[in-house]
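In: this is a predicted model, with the sequence first.
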Amino acid sequence: MSYYSPSGFSMLTPVVKNLLVINIICFIISFIAEAFIGIDITNNFGLHYIASPSFRPVQFVTYMFLHANLEHIFFNMFALWMFGNILENFWGSKRFLTYYLVTGIGAGIAQIIVAYIKLQTYPITAEMWDIVLSEGDELIRTSRNYVDSTLGAVNGIVNGSTIGASGAVFGLLMAFGMLFPESQLYIFFLLPIKAKWFVFIYGAIELFSGIQNSVGDNTAHFAHLGGMIFGYLLIRYWRKHGSSL
């Protein structure tokens with residue numbers, strides 16, 4: 001079992017510092033562009049379903065650097081700082097950046113896969129599909145949607161966008177739990193819990209929340225799980241191939 005000890009470790013490592021700066025800059029640019037210039041950064045660079053007219057492959061990377069509001073970016077950047085510094089100190093900058101990007105992209109892939117599965121549950125005709133692809137994107141851009149419940153749900157899945165670093169952050173959480181399973185974390189800064197149990201409980205909550213699919217819940221729970229799964233698989237791969245992990 002591994003334990004984390006901060007002795008001799010840098011408290012703000014190079015990649016974490018650059019990721020924090022890039023995320024904050026992107027947040028500011030996005031706010032200014034959308035509020036004062038009328039450019040929809042979220043729609044252009046947030047991750048869309050592959051059938052959406054707004055989908056671009058680069059969105060698998062760019063979506064990680066966009067956030068909806070101050071609360072969204074604050075908690076993601078706090079977690080990036082808290083877990084990222086530890087992992088970059090442990091792995092080194094190159095491996096840490098590789099892991100961060102793989103888990104973030106993996107979270108996006110998971111989001112697309114789950115979107116595809118959800119679409120199979122709706123009775124979509126060819127005509128409805130054509131309507132969503134031809135005009136649904138414009139409705140989402142202007143914060144509108146179809147009155148018909150099926151059209152509205154399908155349009156939200158196809159033309160809605162996913163943003164945020166949460167998938168990569170959940171990957172970092174998985175890494176911390178695997179590398180330092182006996183380390184103590186504190187819920188609400190008060191209640192101690194071992195990292196391995198914290199990761200397990202958080203993963204279970206995300207799975208339950210994703211399956212429950214509550215009305216009004218816009219959180220990409222399966223993207224979070226995707227980040228954790230890709231992180232788990234990558235660490236197992238590194239271990240299997242003679243990594244120092």
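Out: That came through, no problem. Numbering: from 1, shown residues only.

In: tell me which residues touch the most centrally placed residue in the chain, please.
Out: Nearest residue to the geometric centre of the chain (CA atoms, centre = their mean): Gly167, 2.5 Å. Listed by CB atoms under 8 Å, 6 or more residues apart in numbering, the contact set of Gly167 reads 64, 103-104, 106-108, 110-111, 220, 223-224, 226-227. Every C-beta, even on glycine, is put in place using the N, C-alpha and C of the backbone.

In: show me which of the residues you listed is closest to Ile201.
Out: His224 (13.3 Å; CB to CB).

In: where does that closest one sit: helix, strand or coil?
Out: helix (DSSP: H, G, I helix; E, B strand; the rest coil).

In: so which strand or helix has the residue nearest to it when sequence neighbours are not counted?
Out: Using CB to CB, 6 or more residues apart in numbering and skipping residues adjacent in sequence, the residue nearest His224 is Phe170, 4.4 Å away. Counting by DSSP states H and E, the element that carries Phe170 is helix 166-179.

In: send the alpha carbons of that helix over as PDB?
Out: Output of helix 166-179 as PDB, limited to C-alpha atoms (Å, rounded to 0.1, in the frame of the first residue of the first chain):
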ATOM      1  CA  SER A 166     -14.800  17.000 -14.400                       C
ATOM      2  CA  GLY A 167     -14.100  13.900 -16.400                       C
ATOM      3  CA  ALA A 168     -10.300  14.400 -16.200                       C
ATOM      4  CA  VAL A 169     -10.700  15.400 -12.500                       C
ATOM      5  CA  PHE A 170     -12.500  12.200 -11.700                       C
ATOM      6  CA  GLY A 171      -9.700  10.400 -13.500                       C
ATOM      7  CA  LEU A 172      -7.300  12.100 -11.000                       C
ATOM      8  CA  LEU A 173      -9.500  11.000  -8.200                       C
ATOM      9  CA  MET A 174      -9.300   7.400  -9.400                       C
ATOM     10  CA  ALA A 175      -5.500   7.700  -9.700                       C
ATOM     11  CA  PHE A 176      -5.100   9.000  -6.200                       C
ATOM     12  CA  GLY A 177      -7.300   6.200  -4.800                       C
ATOM     13  CA  MET A 178      -5.300   3.500  -6.700                       C
ATOM     14  CA  LEU A 179      -1.800   4.900  -5.800                       C
END
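
In: avg pLDDT for the very next helix or strand once past that helix?
Out: Later in the chain than helix 166-179, the nearest helix or strand by DSSP H and E is strand 184-187. Throughout strand 184-187, pLDDT has a mean value of 73.
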